[in-house]
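>>> Below are the sequence and a predicted model for it; my questions follow.
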Number of protein chains: 2
Amino acid sequence: MPVRTFEFKDHRLKLLDQRKLPCVETWVECGNARKVYWAIQNMVVRGAPAIGVAGGYGLYLGIAAWRGDRKCFLKELHRVAEYLKSSRPTGVNLRNVIDAIVARIEKKKETDVNSLKRFVLEEARKAHREDDQICRAIGRYGAKLFKNGEGVLTHCNAGGLATSGYGTALGVIYGCQEKGKTLDVYADETRPLLQGARLTAWELKKSGIKATVICDNMAASLMRSGKIDRIVVGADRIAANGDTANKIGTYNLAVLARVHKIPFYIAAPSTTFDFKITSGKQIPIEERHGEEITDGFGRKTVPLGVKVWNPAFDVTPHAYIAAFITEAGVLRPPFSRSFKKLKAGLEMS
Amino acid sequence: MPVRTFEFKDHRLKLLDQRKLPCVETWVECGNARKVYWAIQNMVVRGAPAIGVAGGYGLYLGIAAWRGDRKCFLKELHRVAEYLKSSRPTGVNLRNVIDAIVARIEKKKETDVNSLKRFVLEEARKAHREDDQICRAIGRYGAKLFKNGEGVLTHCNAGGLATSGYGTALGVIYGCQEKGKTLDVYADETRPLLQGARLTAWELKKSGIKATVICDNMAASLMRSGKIDRIVVGADRIAANGDTANKIGTYNLAVLARVHKIPFYIAAPSTTFDFKITSGKQIPIEERHGEEITDGFGRKTVPLGVKVWNPAFDVTPHAYIAAFITEAGVLRPPFSRSFKKLKAGLEMS
C-alpha cells in the first residue's frame, strides 16, 4: 500500500520527482550533497519527514569522498550539516535528523574515518527505517479515532510522498484501511503547488482509496454540507505550546473547522516538535517565488507586473487543534502536560 | 477608468472574451440568441450584472429576425426569454432584466411588430445604461465606508468585467480612487477559473490601482497579519433575508472575516435581490464540469479517474454580512427592515 519514494543504492540517492506527478513518474539521482540540497529546495522531495530522511542521506553523500583525520572529518561533517539544514527554513525534521546523526557520530570514539563514514550511512538508513515505523505507529493510533464511513478532509500531502512511504495524515487513512474502515476522503488541491491534487490524489488512488479533490476555497461549503466529520493534516514544525506550522491554508481550515464544530487533528512524528521554541511566533515562514502562483499551470494566470504574496506555510494556534497524533500516542490539550511524555522520550533518545 | 467590455453595433453584440484574459484581448461577436446563450454558459461574459446586460441584448437578437403578428411575437419573446434565462441558474440579474423587459413590452399597446422589436432593443440599451449608473452609485456609497490607506480584500471579479464597465465590489474601489483615497488592495486568485488573478488584477492594473494577488488559502494568514481592514465582494443572488450566493469561496472568507473581526460587505445592484425567496436554501447552486479543476490551465493537475467536486457558488448566511452596498444606499442589519426601501423601489419600477 505505501508508495516507494526513496532508494539509496550504489552511493546514490534516488528520489521520485514529485514536481512531475501525477502525469509522469521519473526519478532524480543525487550523488552529492549539493544535488540533495537542490532537490530539497526545488521540491523534488518535499514534506517535512521526507526532507529529514533525504537530509540524512545527503549528509552521508557530503562526506563520503572526504579524506583526512577524525578532527577534520568532524569539522567537515558540521559544515555539510549546516549547509543542508539551510535548504528549507520552516520544517524542523531536517534539522532534528541531521543534528541527531552529528551528535551520535561525535560520541563515537572511532578514529578511522572510513568507519565514521559508514556510521553516518548507517544512521541515515536508521532514520529512514525509523520514519517508516513511526508513520505506521501514527497510523495505528490515528485509526482508533476514526469510525467507518466518516468523511475526512486533508490538506496538501502528508502521505507516503511526504515521508518514507507511509505518511502521517494519510498514514492515519492507511491505518483505517488496514483495520477495514472505509472513509470518505476529500483532498484540498492546495495552491499554489497543488500537492493535494497532484500528490495526495495520486497516492490514494495507487493505494485503492477513493478520494474527491476540491479547490481550497470550497472547504467551508463542504464542511457546511455536513460531509466532513474530521480533518487531519501533517505539520512542518510544532512549537512547545502546540502552535503548528504547516502548508499554507492549514490555518484557514482550522478556523473553518472550529466554526463548523469539526475536530481538527495534526498527525506528526516527534521529530516535528521543536521544544526549543515556545510559540509559533518564532517559526520562520518561508516565502517562495511568485512564479509558483503566476505561472504554475503552464499558462500565465496573473498579468505581468502585478504583485503576488506567496508564503509557503502558515501557523495554526494550538487552541484550534483537537489533538496531535504521534508515534507516542494521541496528545490532547492541555498540551503543556501531554507534550511532557514526548519531550522526555526525545531527550532520552 | 472603467474597462470596455460590451459593444452593441450593427445588430451584433460584441463581448470581450474573458476566458482569454489576462494574456490576450479578443472579442466574441454574437449575432443571435444561441450565440449569447453559449457566451454566457461558457463564461465569455460572466458576473451576474454583466450576464443580465448580455441577456437583454440576447433577447433582442433572438426576436430581431422574427416575422408575424403581435400575439405570436409575444409568444416568441417568452420562448427566447425562457431559453436565455436557463443559461446559468444561480445569478438572478439575468432573470430580473429579461422579465422586466418582457413585462414592459407586454404593457405596450403597439401592434406593429417592428416597433415592438425596437422597444426591446431600447429596453436592452436602457438596462445597459442603468447598470453603469447603478454601479457608479454603489461606488459612491461604498467609498464613504473606506478610509484612505486601508487594506481591502476582494474575491473573484465583481468589477467592470462583471458589469457594464464600472463594477460593484471594484466599483467601490474605483469610487475611492475618484475621491482620492488610496487602498491597499488584495485579490484572491479564485480557483478554479482564477477570475481574481486573471480579471480583477487585469482591470485594476488597467485602472492604475496597485493590487496584490494571493491564493485563496492565504486569506486567513493575511487577515491574521492585520493587513486587511475590510472585505468587499459582489453577489449573484441575494435572498429576502440577506443570505447571499456568490462565487465559491465567498462563504470561506465571510467565516474568516468574522473570526478576525473584519467587516464583510456585499456590493450589489438591486437587480441581484430576489425577494421571491426567503432564504439562501432556495438558491440553486450550479455545479460545473470537473475539468475546470483538473485541466484548468494547460496542465493536468489531478490524476485521471479521480473525482472532483466543483460547485460554482456558495451561500453566505446573512449573519456574516456587515452591510449591503447598493445603488439605494448602504443597508445594515436588521435586513428585514433595511431591505424594505429597496423592495418598495423595485416594485415601483
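Noted; the coordinates are in hand. Numbering: from 1, shown residues only, chains lettered A, B, ... in the order given.

>>> Show me what counts as buried in stretch A:271-282.
A:271-274, A:277, A:280 (16 or more other C-beta atoms under 10 Å in any protein chain shown). All C-beta spots, glycine's among them, are computed from the backbone N, C-alpha and C.

>>> To clarify, my last question referred to stretch A:36-53.
So stretch A:36-53, judged by 16+ other C-beta under 10 Å, has buried residues A:36-37, A:39-40, A:43-53.

>>> Just flag the most distant two among those.
Among those, the pair separated by the greatest distance (C-beta to C-beta) is A:37 and A:49, at 17.8 Å.

>>> does the residue in the stretch 51-200 of chain A that chain B sits nearest to belong to a helix or a strand, and which?
Nearest residue of the stretch 51-200 of chain A to chain B: residue A:191, at 3.9 Å (C-beta to the nearest C-beta). With elements delineated by DSSP states H and E, residue A:191 resides in a region that no helix or strand encompasses.

>>> neighbours around the closest residue to it other than its chain neighbours, how many?
Computed as C-beta to C-beta, 6 or more residues apart in numbering or on different chains, the closest residue to residue A:191 that is not its neighbour in sequence is residue B:215, at 3.9 Å. By the measure other C-beta atoms under 10 Å in any protein chain shown, the count of residues near residue B:215 is 27.

>>> for the residue nearest to residue A:251 when sequence neighbours are not counted, helix, strand, or coil?
Once its chain neighbours are removed from consideration, residue A:251 has its nearest residue in residue A:314; the separation is 4.1 Å (C-beta to C-beta, 6+ apart). Using DSSP: H, G, I helix; E, B strand; the rest coil, the three-state assignment for residue A:314 comes out as strand.

>>> Could I get the contacting residues of residue A:314?
Residue A:314 makes contact with A:245-252, A:285, B:218, B:220-221, according to C-beta atoms under 8 Å, 6 or more residues apart in numbering or on different chains.

>>> In strands only, show me those residues.
Counting by DSSP state E, the members of the contacts of residue A:314 that fall within strands are A:245-247.

>>> for those residues, which one is nearest chain B?
The nearest one, if we look at the ones in strands among the contacts of residue A:314 relative to chain B and count by C-beta to the nearest C-beta, is residue A:247, at 8.5 Å.

>>> so the closest one touches residue A:162, yeah?
No: under the contact definition of C-beta atoms under 8 Å, residue A:247 does not touch residue A:162, with a separation of 9.7 Å.

>>> Which one's more surrounded, the two?
Counted by other C-beta under 10 Å, residue A:247 and residue A:162 do not tie: residue A:162 has more neighbours, with 32 against 28.

>>> Which pLDDT value belongs to the nearest residue to the more buried one once chain neighbours are set aside?
Residue nearest to residue A:162 in three dimensions, not counting chain neighbours: residue A:47, with 2.2 Å by C-beta to C-beta, 6+ apart. Turning to residue A:47, the model gives it a pLDDT of 92.

>>> Okay, residue A:47 and residue A:276: tell me how far apart.
Applying C-beta to C-beta, to the nearest Å, the value for residue A:47 to residue A:276 is 22 Å.

>>> just for chain A, where's the confidence low?
Regions of chain A meeting the criterion pLDDT under 70 cover residues A:1-2, A:346-349.

>>> and it, what are its domains?
Residue ranges of the domains in chain A are recorded as A:6-136, A:141-348, according to automatic domain parsing.

>>> could the ones you listed go into JSON lines alongside distance to residue B:140?
Below are the domains of chain A laid out as JSON lines (distance: least, C-beta to C-beta, whole Å):
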{"stretch": "domain A:6-136", "distance to residue B:140": "45"}
{"stretch": "domain A:141-348", "distance to residue B:140": "27"}
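
>>> tell me the most buried of those domains?
Taking mean count of other C-beta atoms under 10 Å in any protein chain shown as the contact definition, the stretch among those with the greatest mean neighbour count is domain A:141-348, which reaches a mean of 22.

>>> Run the chain-centre distance for it.
Relative to the mean C-alpha coordinate of its chain, domain A:141-348 is positioned 9 Å out (C-alpha atoms, centre = their mean, to the nearest Å).

>>> same check, this time on stretch A:48-55
Its chain's C-alpha centre lies 7 Å from the corresponding centre of stretch A:48-55 when counted by C-alpha atoms, centre = their mean.

>>> Dump it to CSV, restricted to CA.
Taking C-alpha atoms only, stretch A:48-55 is exported to CSV below (Å, rounded to 0.1, in the frame of the first residue of the first chain):
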residue,chain,number,x,y,z
ALA,A,48,9.0,17.7,6.5
PRO,A,49,9.7,14.0,7.4
ALA,A,50,10.8,13.1,3.9
ILE,A,51,13.1,16.1,3.8
GLY,A,52,14.6,14.8,7.1
VAL,A,53,15.3,11.4,5.6
ALA,A,54,16.7,12.9,2.4
GLY,A,55,18.9,15.2,4.6
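
>>> ok, and what's touching it?
Identification of contacts with stretch A:48-55 by C-beta under 8 Å, 6+ apart yields A:5-6, A:13, A:15, A:36, A:39-40, A:45, A:84-85, A:87-88, A:91-94, A:96-98, A:124, A:127-128, A:131, A:134-135, A:161-164, A:168, A:234-237, A:268-269, A:271-272.

>>> Swap in 7 Å and give it another go.
Residues from elsewhere that reach stretch A:48-55 (C-beta atoms under 7 Å, 6 or more residues apart in numbering or on different chains): A:5-6, A:13, A:15, A:36, A:39-40, A:45, A:84, A:88, A:91, A:93-94, A:96-98, A:127-128, A:131, A:162-164, A:168, A:235-236, A:269, A:271-272.
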